[in-house]
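*Asks:* Quick check, what structure comes out for this input:
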Amino acid sequence: MSGDVGDNLNKTDQFGELLEAYALGALDAPERAALEVHLATNCPECVTALEEARWLVSQLAYTAPEAGPSDMLRGRLMKIVREEAALEAPRSAMAGAGKTAVPYWMWAAVAALLAVAIYTSWDANQLNHQMRDINDRAIAELRSRSKIEEELAAVRREAAILSDPASAKILLAGGQPGTTALQASWHAKLGIVVSGQKIPPPANGRVLQLWLIPKAPGGKPLPSQVVRPDADGNFVLLVPNPPEVMAETKALAVTEEPAGGSPQPTTTPKWVGGVS
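*Replies:* You can find the predicted model right below:
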C-alpha cells in the first residue's frame, strides 16, 4: 500500500510542471500525449494538481485591467514573476538539474494577461471612437435642427410682415435707368422685409447693404443687414430689429459694400425709397 502512495507522489513530482503547462495548452505533442496517458489512470494527486493549475490560470485571466498595459502594469507582472522565481528556486534545486527556475505556466500566464490587456485596450479605444462619432453626429443634428427652426421662424416673420395691413409699403427706386426697383414692407413691431427680383449680384464678392436715413438734421445713415442675390438675382432681406423707429426714419437706401458690410456707406446708393 505504501508503495502505491510513493509511486503516486513520484508521478506527481514528475508531471508537476507539465500539469501547469498543460493547463495553459503550452505542451508540445509528445509531452501532452505522455501526460494524458498518465491522467487516464486517474491519479488523484495529478488530477487535483491539474484542477488547481486550471483555477489559477482562470483567475489570472480575470484580473486583466480595462485599460492598456501601462508601464506600472508591466512592472507589477514582472515583480510577480521574480517573486515566483525566488520561491521556485529552492524546489528546483531539490528536484535536481534540468528543472527551470520559473515554471512554464507563469511565463504563459503573463503573456496571456498582457494579450488580454492589449485586446481590452483596443476594444475600449474602438468604443471611444464610436462614442465620439455618435456624439459628433448628434451635435451636427442638433445644429442642423436649430438652423432649420431659425429659418422657419424667419420665414414666418417675413410672411407676417408682408401680409399684415399694418405694414407700410415702401418702393426703393433704382438710381440708374433700367434698374429694377426693390420692395420693402415695414411693420412697427415685427421689422422690415426688403425683397428684389432679377437683381444682378455685385461683382468681386461684394454685398448689398441696407441703410436707414434718419429725419434728424445731420443724422448719419444707420447701417443694417447685408445680402447677396441668388443665382437668379432674387433675394429677401429680413431686419427683425431695426436700429431706428419708422417715425424717425426719412428713407431706406441700399448700397454695394465689401463682403461683410461697412459701418458707413462707401458708394452712392443704388436704391432709395422714402418712408411716409
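
*Asks:* what about R143, distance to V155?
*Replies:* 19 Å (Cβ to Cβ, to the nearest Å). In this view, the C-beta of every residue, glycine as well, is placed from N, C-alpha and C.

*Asks:* Let me see the domain layout of the protein.
*Replies:* Domain assignment for the chain, taken from automatic domain parsing, gives 2-126, 168-274.

*Asks:* weakest of the ones you listed by average pLDDT?
*Replies:* Comparing mean pLDDT across the domains of the chain, the weakest is domain 2-126, with a mean of 62.

*Asks:* Can you list phi and psi of the nearest residue to V236 once chain neighbours are set aside for me?
*Replies:* With Cβ to Cβ, 6 or more residues apart in numbering as the criterion, V236 has its nearest non-adjacent residue at 4.7 Å, and that residue is S195. Per-residue torsions, S195: phi -130, psi 150 (degrees, to the nearest 10).

*Asks:* list the contacts for S195?
*Replies:* By Cβ atoms under 8 Å, 6 or more residues apart in numbering, S195 lies in contact with 182-184, 234-237.

*Asks:* cool, and L252?
*Replies:* 170, 172, 184, 192, 194, 210-213, 272-273, 275.

*Asks:* what comes up buried for stretch 139-149?
*Replies:* Using 16 or more other Cβ atoms under 10 Å as the test for burial, stretch 139-149 gives no buried residues.

*Asks:* residues making contact with that stretch?
*Replies:* Applying Cβ under 8 Å, 6+ apart, the set of residues contacting stretch 139-149 is empty.

*Asks:* in this structure, which spans are strands?
*Replies:* 168-174, 182-187, 191-196, 207-214, 222-227, 235-239, 249-257, 271-274 (DSSP state E).

*Asks:* With distance to Q264 added, can I get those strands in TSV?
*Replies:* Listed next are the strands of the chain as TSV, based on distance: least, Cβ to Cβ, whole Å:
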stretch	distance to Q264
strand 168-174	19
strand 182-187	21
strand 191-196	19
strand 207-214	9
strand 222-227	7
strand 235-239	18
strand 249-257	10
strand 271-274	16
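
*Asks:* Go ahead and confirm A216 touches E244.
*Replies:* No: judged on Cβ atoms under 8 Å, A216 makes no contact with E244 at a distance of 9.8 Å.

*Asks:* okay, the two: which has more neighbours?
*Replies:* E244 (17 against 11; other Cβ atoms under 10 Å).

*Asks:* what sits opposite the residue nearest to the more buried one when sequence neighbours are not counted in the beta ladder?
*Replies:* Residue nearest to E244 in three dimensions, not counting chain neighbours: L212, with 4.7 Å by Cβ to Cβ, 6+ apart. Here L212 sits in beta bridges with L222, L252, going by DSSP bridges.

*Asks:* Give me the neighbour count for the residue nearest to A49 when sequence neighbours are not counted.
*Replies:* Nearest non-adjacent residue to A49, counting by Cβ to Cβ, 6+ apart: L19, 5.0 Å away. A total of 26 residues lie near L19 under the criterion other Cβ under 10 Å.

*Asks:* Show me what counts as buried in stretch 257-275.
*Replies:* Buried, per 16+ other Cβ under 10 Å, within stretch 257-275: 257, 261-262, 265, 269-273, 275.

*Asks:* try stretch 183-196
*Replies:* Across stretch 183-196, burial judged by 16+ other Cβ under 10 Å covers 183-187, 190-196.

*Asks:* so which pair among these is furthest apart in space?
*Replies:* L190 and G196 (19.8 Å; Cβ to Cβ).
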